[in-house]
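Peer 1: okay, here's the prediction I keep looking at, along with the sequence it came from:
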Amino acid sequence: QVQLVESGGGLVQAGGSLRLSCVVSGRTFGTVYTGWFRQGPGKEREFVAAISREDGTWYGDPAKGRFTIARDNAKSTVYLQMNKLNPEDTALYYCAASEDGSVSTRSSYKYWGQGTQVTVSS
């Protein structure tokens with residue numbers, strides 16, 4: 001089992017920044033990707049970004065040019081730095097771990113955190 005706990009969400013004005021954190025624990029030796037997904041009101045859950053155990057990174061269209069994913073192995077934490085936020089970024093952000101499959105496909109991720117809410121006001 002892999003456990004993931006997100007934090008760092010909150011309310012921010014448009015144009016602002018937030019850094020989300022995901023602490024990963026448990027049997028992580030099989031984890032290939034750690035990713036971030038988000039689900040806005042009335043929307044499907046969508047891929048935001050992912051990082052591999054070799055520190056390769058991938059970004060979904062909403063994140064490109066604004067968000068950065070990184071890890072701190074000493075703290076077992078994956079971060080999502082989000083800049084230039086806009087109201088369309090309002091969503092529940094989930095951290096997830098994948099052991100195989102496509103990096104941006106939701107079904108590839110077996111383990112999920114509870115999510116952290118990000119609300120961007122205009």
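Peer 2: Thanks, I have it. Bear in mind that the values here come from a model prediction, so they are computed numbers and not experimental data.

Peer 1: chain neighbours aside, what residue packs nearest to the residue positioned nearest the centre of the chain?
Peer 2: Nearest residue to the geometric centre of the chain (C-alpha atoms, centre = their mean): Trp36, 2.1 Å. Nearest residue to Trp36, sequence neighbours excluded (C-beta to C-beta, 6 or more residues apart in numbering): Val48, at 4.2 Å. All C-beta spots, glycine's among them, are computed from the backbone N, C-alpha and C.

Peer 1: also Ser104?
Peer 2: Nearest residue to Ser104 in three dimensions, chain neighbours excluded: Phe47, at 4.2 Å (C-beta to C-beta, 6+ apart).

Peer 1: would that neighbour count as being in a helix?
Peer 2: No - using DSSP: H, G, I helix; E, B strand; the rest coil, the assignment for Phe47 is strand, not a helix.

Peer 1: for it, list the residues it contacts.
Peer 2: Residues near Phe47 by C-beta atoms under 8 Å, 6 or more residues apart in numbering: 35, 37, 60, 104-106.

Peer 1: of these, which belong to strands?
Peer 2: Counting by DSSP state E, the part of those found in strands is 35, 37.

Peer 1: between the contacts of Phe47, which has the most around it?
Peer 2: When neighbours are taken as other C-beta atoms under 10 Å, the top entry among those is Gly35 (28 neighbours).

Peer 1: and it, what does it touch?
Peer 2: Here Gly35 is in contact with 47-51, 95-98, 103-104, 109 (C-beta under 8 Å, 6+ apart).

Peer 1: helix or strand for Glu44, just tell me which one.
Peer 2: In the assignment (DSSP states H and E), Glu44 maps to no helix and no strand.
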